[in-house]
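[1] turn this into a structure:
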Amino acid sequence: MIKESGQDDDDYGFDEQAWMNQPSKNNTFRVETALFPNARNLTKPRCMPRVQQRQMNATGPSQSELFDESGNFLGAVSPVSADSWLTGWTGFPES
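    From the prediction side, this is the model:
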């Protein structure tokens, strides 16, 4: 992991890796991808995880202005929603 320093240290020395590795956070790290193969499709990617929500062992995030406390899944895209926040916000043009 690259350590932030100087101008790149925009979080006042917060060590993200140490925070992620704290046993009290119950974080799970996967080596293999949890995304569908077509997540790499350039014009219509499917970014939803293949892992079922009940297998995620997720808990709500701590109260913070940085996190959506209503989230009960791991990652940025809900595994049960037909559409994600990418719809209408992100474009994947063919050219």
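[2] which residue lies nearest the spatial centre of the chain?
    G75 (3.0 Å; CA atoms, centre = their mean).
[3] looks like it contacts P49 (just checking).
    Yes - with contacts counted by CB atoms under 8 Å, G75 reaches P49, the gap being 5.8 Å. Backbone N, C-alpha and C define where each C-beta goes, glycine included.
[4] mutual contacts of the two, please.
    A34 (CB atoms under 8 Å, 6 or more residues apart in numbering).
[5] low-confidence stretches in the chain?
    For the chain, applying pLDDT under 70 flags the ranges 1-3, 30-32, 51-62, 64, 67-68, 71, 95.
[6] show me the helices in it, by range?
    Using DSSP state H, the helices of the chain run over residues 16-21.
[7] what about the strands in it?
    Here the chain has no strands by DSSP state E.
[8] so what's the residue count around C47?
    16 (other CB atoms under 10 Å).
[9] distance of it relative to Q63?
    C47 sits 26 Å away from Q63, going by CB to CB, to the nearest Å.
[10] please apply the same query to L74.
    18 Å.
[11] neighbour-wise, which of those two wins?
    Applying other CB under 10 Å to L74 and Q63 shows that L74 carries more neighbours, namely 19 against 7.
[12] wait, that one touches P49, no?
    Yes - using CB under 8 Å as the test, L74 is close enough to P49 to be in contact (7.3 Å).
[13] separation between the residue nearest to D10 when sequence neighbours are not counted and W19?
    Distances taken as CB to CB, 6 or more residues apart in numbering put E4 closest to D10, at 7.2 Å, once the chain neighbours are dropped. Here the criterion is CB to CB. By it, E4 lies 13 Å from W19.
[14] higher neighbour count, the two?
    Each of E4 and W19 has its neighbours counted (other CB under 10 Å); E4 has more, 15 against 10.
[15] pretty sure E94 sits against T43.
    Yes - E94 is within contact range of T43, at 5.2 Å (criterion: CB under 8 Å).
[16] and the two? which has more neighbours close in?
    A direct count of neighbours by other CB under 10 Å for E94 and T43 places T43 higher, at 9 against 6.
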